[in-house]
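Q: I'll drop the sequence and a predicted model, then ask my questions.
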Amino acid sequence: MEIDKKVIKKLIDALEDLKESLDKSGEKFDNSNNEQLIEKSENLNFKSVKSPIIGTAYLAPEPGAKPFVEIGKKIKKGDTVMIVEAMKTMNHVPSSHDGIVKKISVEDGQPVEYDQELILVE
């Protein structure tokens, strides 16, 4: 597939205009963290564990309990990384990879979509 350079130029210009309008309105436009994460994930071959269903993500088995995973924790394929509640059913989400947890992408009690990234594993 060939990409038209004119279309890319228009997109870049539109993004620059958006950035300028955000700067003028006083809002911060900082995409450096996203760019760094994308760069790291490409360079270090991060693998993501994604939500198998739509629901509410819980990081621990019950309120006040120790979370299933923490950043820096070593996990094995099949370990429960969190629970996604859907229609009053608690669904344990297993890790699809061995490795070390590098990022937890959701907060406790946060709604999640199907195929949304839950954690990054290195």
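A: Perfect, thanks for sending it. Keep in mind that this is a model prediction, so the values were computed, not measured. Residues are numbered from 1 along each chain as shown.
Q: so what's residue 104 up against?
A: 59, 69-71, 118-119 (CB atoms under 8 Å, 6 or more residues apart in numbering). In this view, the C-beta of every residue, glycine as well, is placed from N, C-alpha and C.
Q: now do the strands in this protein.
A: Assignment of strands within the chain using DSSP state E yields the ranges 47-50, 55-58, 74-75, 80-86, 89-94, 99-104, 111-112, 117-121.
Q: mean pLDDT and distance to residue 17 for the ones you listed - can I get that in CSV?
A: Formatted as CSV, the strands of the chain follow (pLDDT from 0 to 100; distance: least, CB to CB, whole Å):
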stretch, mean pLDDT, distance to residue 17
strand 47-50, 89, 32
strand 55-58, 94, 36
strand 74-75, 92, 43
strand 80-86, 93, 39
strand 89-94, 92, 40
strand 99-104, 90, 31
strand 111-112, 94, 32
strand 117-121, 91, 29
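Q: please identify the most buried of those strands.
A: strand 117-121 (a mean of 22; mean count of other CB atoms under 10 Å).
Q: what is it packed up against?
A: strand 47-50, strand 80-86, strand 99-104 (3 or more CB pairs under 8 Å, 6 or more residues apart in numbering; DSSP states H and E).
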